[in-house]
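Chemist: build me a structure from this.
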Amino acid sequence: MKRGIVLTALLLIVAAPSLAGEPAAEALLLDADRAGERIIAVGARGHIIVSDDAARSWRRVESLATTMLTAIHMHDDRVGWAVGHDSLILRTLDGGDTWEQVHHDPDDSLPLLDVWFADARNGFAVGAYGTFLETGDGGDTWQARWISEDDFHLNVLVPAGGNRLLIGAEAGVAYRSDDGGKTWRALAPPYTGSWFGALALSEETFLLAGLRGHLFRSHDGGATWTDIPTGTNATLGSLDRFTDGTIVAVGLGGVLLASHDDGRSVELSRLQERPGIASVLALGDGAVLLVGEFGVRRMTGIP
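Modeler: Residues are numbered from 1 along each chain as shown. Next up is the predicted model:
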């Protein structure tokens, strides 16, 4: 998903109407994660909302942020981080009830686009123009470094089992680390557009989703890739997998893609009003949480 001073197709939904007067669960939201039984979603103007009943009802919590929040990662039911524009990083130690700012650089004005932690102390935040930040003290301090000579936007970071990590970037580039993020190597799927969604099914099997409905699958750690027909030109932005193995991908135009064969093929459906969907989260009861320009929406059953 990627949001920044250079707006991509997926984030054109930030042009949605003002949030003033909108209920918390109907404001523009971009990402969500689980914190134990709780669900937390983040989005425009520093909005953070939480649900304690499997996404049936929501309440807003104070974030002390006014800039757009683009991604959230919860390490467990208590500790987590959210990132956003102006290199903002927030941290919670109480399951999302309160948040503190641990990094902010408004002079830089670069957006952070994803965040992931291996444990409660060691984590990474990635963003526009090759921004790569790391911490070894739970987010108290952050250090910047380059993982490539290029300055491609680093859009999404996911674990792939063991010490393997995967980053989806722009210009058709992805990066893989085999040592927990210490070093990275470039992968080159046969498409030159940006990747906004990534999902690792195993240490060897990856899915990348991006511009113009492109979905690619690799079964060998990114050495070779297969173009999966999706039936849509809509930009894809997020993927998640259910406990039964079903994979769901979402995108602009209300697009929903479901796969029941580990991403080898997908079935296309759309929400009737065709809104922009930024993120998808599989819920434990078989329902799915959609996050986007409409805020949050709980959908029973898999398309």
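Chemist: and for R78, the neighbour number?
Modeler: Around R78 there are 16 other residues, counting by other C-beta atoms under 10 Å. (C-beta placed from N, C-alpha, C; glycine too.)
Chemist: against T98, how distant is it?
Modeler: Applying C-beta to C-beta, to the nearest Å, the value for R78 to T98 is 11 Å.
Chemist: where do the contact lists of the two overlap?
Modeler: T92 (C-beta atoms under 8 Å, 6 or more residues apart in numbering).
Chemist: show me the shaky parts of the stretch 1-150 of the chain.
Modeler: Under the criterion pLDDT under 70, the flagged ranges of the stretch 1-150 of the chain are 1-25.
Chemist: repeat that with 50
Modeler: The model of the stretch 1-150 of the chain has pLDDT under 50 over residues 1-21.
Chemist: can you map out the helices along it?
Modeler: When assigned using DSSP state H, counting those that start in this stretch, the stretch 1-150 of the chain turns out to have no helices.
Chemist: which residue is the nearest non-sequential neighbour of G292?
Modeler: I277 (4.2 Å; C-beta to C-beta, 6 or more residues apart in numbering).
Chemist: that neighbour and V250 touch, don't they?
Modeler: Yes. Because the distance of 4.0 Å satisfies C-beta atoms under 8 Å, I277 is recorded as touching V250.
Chemist: what touches both of those two?
Modeler: In contact with both I277 and V250: G237, S238, L256, L290, G292, using C-beta under 8 Å, 6+ apart.
Chemist: what residues are up against the fourth one?
Modeler: Each residue near L290 by C-beta under 8 Å, 6+ apart is listed here: V250, L271, I277, S279, V280, V296, R297, R298, M299.
Chemist: let me know the closest of those residues to W58.
Modeler: V296 (6.6 Å; C-beta to C-beta).
Chemist: which strand residues bridge the closest one?
Modeler: Under the criterion DSSP bridges, V296 forms beta bridges with V291.
Chemist: OK, contacts around it?
Modeler: Residues counted as contacts of V296 (C-beta under 8 Å, 6+ apart) are A25, L29, A32, A41, I49, S51, A55, W58, L289, L290.
Chemist: could you measure from it over to V50?
Modeler: Using C-beta to C-beta, V296 is found at 11 Å from V50.
Chemist: cool, and Y175?
Modeler: Counting by C-beta to C-beta, the gap from Y175 to V50 is 32 Å.
Chemist: more neighbours: these two, which one.
Modeler: Neighbour tally, Y175 and V50, criterion other C-beta under 10 Å: the higher count belongs to Y175, 23 against 19.
Chemist: ok, so of the shared contacts of I277 and V250, who is nearest D244?
Modeler: Checking the shared contacts of I277 and V250 against D244 with C-beta to C-beta, the nearest one is L256 at 16.7 Å.
Chemist: tell me which helix or strand that closest one sits in.
Modeler: Per DSSP states H and E: L256 is located in strand 255-259.
Chemist: may I have the strands that pair with that strand, each with its orientation?
Modeler: As assigned by DSSP bridges, strand 255-259 forms pairs with strand 247-251 (antiparallel), strand 267-270 (antiparallel).
Chemist: is it possible to export the ones you listed to CSV including mean pLDDT and distance to S87?
Modeler: Conversion of the strands paired with strand 255-259 to CSV gives the following (pLDDT from 0 to 100; distance: least, C-beta to C-beta, whole Å):
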stretch, mean pLDDT, distance to S87
strand 247-251, 97, 27
strand 267-270, 96, 35
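Chemist: save the ones you listed as TSV, and put in distance to G161 too.
Modeler: Shown next, in TSV, are the strands paired with strand 255-259 (distance: least, C-beta to C-beta, whole Å):
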stretch	distance to G161
strand 247-251	16
strand 267-270	27
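Chemist: now G253, what's its secondary structure?
Modeler: The three-state label given to G253 by DSSP: H, G, I helix; E, B strand; the rest coil is helix.
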